[in-house]
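Asker: Turn this into a structure:
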Amino acid sequence: MRDIFNLGYSVKMSADTDDTAEVMLYGEIVEDGPKWWKWSEEDKSAAEFKKAIDEAIGNGAKKLSLRINSPGGVCTQAVAMRSILANAGFEEINIRIEGMCASAATDIATLPGAHVAIAEGSEYMIHNPWCIAFGNANEMEHTIERLRNIEKMSRGFYMKRTGQTEEQIKEWMDAETWFTAEEAVEYGFADEVLEAEVNNETPVAACVSERAMAVMRGLYKDVPVSIAIEAEMPLEDITNVSNGTPVAGAPTEINLKEDNPMELDGITMDQLRDGNPALFEQVQQNAVAAERERISDIDALTVPGYEAMAEEAKANGTSAMDFQKQIVAAMKEKGGKFMQARQEETAPAQDVTGGAPETGLDEDKEIKKNAEAIAEYAKAYAGRGDGGMF
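Answerer: Below you'll find the model as predicted:
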């Protein structure tokens, strides 16, 4: 059985003169593995996080400033990061949320004794853990048990951090709740809101890449409109985004017809290359990167026995999300056919009546026949002079 717990980062280290180290968690929380397995250099595991913390301590840091802008990741890795911080021995830990702290990243932000500040315009999201799993009934039940345990663990973290009741925390998690910076402070997830001070400009919520946006739309039920706007999603996609709580300062109307030095409607690739070579090159690079990600996603989702379906999906441009749906549908169809075949095979047995088996003349004749054959065999060797041994 394979199960992937996705509650889903970059670690950069710099030491200041006041014995304070700064560590950045600016990506997805992932399992430890080779570099080629990662989507981005920003994705970090607990093992890599531990190296950054050890480096900070080795440089003489007594205090830590942890900056978070993360959509979440692997919950067990996040819990390990939380434990690493709890046992690091820093005199003071300050956590600063700068854009987004969602899913598993919030487990880290519940660290006991840490001061949590959240920048205005940032968002904080909690929900129940989820996974992709397959296997027999026993394995599925084990997976459900693991999910419930992780869910209970996170509720405990949030209750201790906020002072809220278990019922309230459960309600928020069940609903997949997005909090504004002000709400995060109001309900106890953070201690203060940090206001922007640069030219009185509206702060940007989260630096959301196209891939991160796709990940969030796959993992979360409600992605606030403000995040979709920041990610520059197409209009048709934005209309399908849930109206989550808007980030402070986010526009209520979207101007989709901004001035553009090049009208893109109906433009050919040759015209784009001639008119804006740099943009053309960037489009090509993005297309290649997106295609590699799509193929890698499909490989990761391929279940043994469905390799031909994966190759077909790669060839016809099927998205990883659609491929996953196709796999589930195919497995359901295969299971249905299996059950139907078994029913057809056992159907004749329904016409068999009960009772003891017949042991009449046929059995008696067989015994008599065997006895006669033995007697004839004995006569053939009788009187040979060797005592009848054969």
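
Asker: Using CSV, write down the CA coordinates of the longest strand anywhere in the chain.
Answerer: Ranked by residue count under DSSP state E, the longest strand found in the chain is strand 92-102. Once non-C-alpha atoms are left out, strand 92-102 reads as follows in CSV (Å, rounded to 0.1, in the frame of the first residue of the first chain):
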residue,chain,number,x,y,z
GLU,A,92,14.0,33.0,22.4
ILE,A,93,12.1,32.0,19.3
ASN,A,94,10.1,34.5,17.2
ILE,A,95,7.9,33.2,14.4
ARG,A,96,6.9,35.7,11.7
ILE,A,97,4.2,34.7,9.2
GLU,A,98,4.8,36.5,5.9
GLY,A,99,2.1,35.7,3.4
MET,A,100,0.7,32.3,4.3
CYS,A,101,0.8,29.7,7.0
ALA,A,102,-1.4,26.9,6.0
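
Asker: and that strand, which residues are buried?
Answerer: For strand 92-102, the neighbour count (16 or more other C-beta atoms under 10 Å) marks Ile93, Asn94, Ile95, Arg96, Ile97, Glu98, Gly99, Met100, Cys101, Ala102 as buried. Any C-beta I mention is one placed from the backbone N, CA and C, and that applies to glycine too.

Asker: name the helices or strands packed onto it?
Answerer: Here strand 92-102 is seen to pack against strand 63-70, strand 115-119, strand 123-126 when contacts are counted using 3 or more C-beta pairs under 8 Å, 6 or more residues apart in numbering; DSSP states H and E.

Asker: looking at these, which is closest to Arg292?
Answerer: Put simply, out of the helices and strands packed on strand 92-102 the one that sits nearest Arg292 is strand 63-70, at 23.1 Å, with distance taken as C-beta to C-beta.

Asker: what lines up beside the closest one in the sheet?
Answerer: When pairing is defined by DSSP bridges, strand 63-70 lines up against strand 20-25 (parallel), strand 92-102 (parallel).

Asker: Rounded mean pLDDT for the shortest one, please.
Answerer: If I follow you right, that is strand 20-25. Mean per-residue pLDDT for strand 20-25: 93.

Asker: just checking, next helix/strand downstream of that strand?
Answerer: helix 46-58 (DSSP states H and E).

Asker: do the longest one as well
Answerer: Where DSSP H and E defines the elements, the next helix or strand beyond strand 92-102 is helix 105-108.
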